[in-house]
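K.L.:
The sequence and its predicted three-dimensional model are supplied below.
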Amino acid sequence: MLPSYLTMAAILFCMGLYGALAKKNAIIVLLSLELMLNAVNLNLVAFSKYGVIPSLTGQIFSIFTITVAAAEATIAVAILIALFRARGTVQADEFNQMRR
């Protein structure tokens, strides 16, 4: 059972990595980062259940990473809204200058 979870997590992580590195839209990049974090959470829960010593440690770490990801997403969306209002675009390659 464990290899199927790890394979699924690897596929999700690779899809997220592709989206984070290849896409230009900042919203797609943020969604790809969330996909990679969810792949890590899947690994944590799978090792927590099917590991050498099954315990709740991986599930507790997974809950913590979900809360950190939610906070990161809200802050990132707020920054993107501010950038969109200032520049009129959410393309990541347009955000290369920091100015007032």
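P.N.:
Structure's in. What do you need?

K.L.:
Which helix runs longest in this structure?
P.N.:
helix 57-87 (DSSP state H).

K.L.:
Would you mark the buried spots in that helix?
P.N.:
Neighbour-count burial for helix 57-87, with 16 or more other CB atoms under 10 Å as criterion, is recorded at 58, 61-62, 69, 76, 80, 83. Placement of C-beta: from N, CA and C, glycine included.

K.L.:
any chance of those residues in JSON lines, plus distance to Ile27?
P.N.:
JSON lines is the format used below for those (distance: CB to CB, whole Å):
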{"residue": "Gly58", "distance to Ile27": "30"}
{"residue": "Phe61", "distance to Ile27": "27"}
{"residue": "Ser62", "distance to Ile27": "25"}
{"residue": "Ala69", "distance to Ile27": "15"}
{"residue": "Ala76", "distance to Ile27": "9"}
{"residue": "Leu80", "distance to Ile27": "7"}
{"residue": "Leu83", "distance to Ile27": "11"}
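
K.L.:
Closest one to Thr89 out of those, please.
P.N.:
Within the set of these, Leu83 lies nearest Thr89; the separation is 8.2 Å, counting by CB to CB.

K.L.:
who are the neighbours in contact with the residue lying closest to the closest one once chain neighbours are set aside?
P.N.:
Excluding its sequence neighbours, the residue lying closest to Leu83 (CB to CB, 6 or more residues apart in numbering) is Phe95, at 6.3 Å. Listed by CB atoms under 8 Å, 6 or more residues apart in numbering, the contact set of Phe95 reads 26, 83, 87.

K.L.:
Dump these into a markdown table; add distance to Ser48 as well.
P.N.:
Below are the contacts of Phe95 laid out as a markdown table (distance: CB to CB, whole Å):
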| residue | distance to Ser48 |
| --- | --- |
| Ala26 | 33 |
| Leu83 | 38 |
| Arg87 | 43 |
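
K.L.:
just those now: which is nearest Ser32?
P.N.:
Once CB to CB is applied, the member of the contacts of Phe95 that ends up nearest Ser32 is Ala26, at 10.5 Å.
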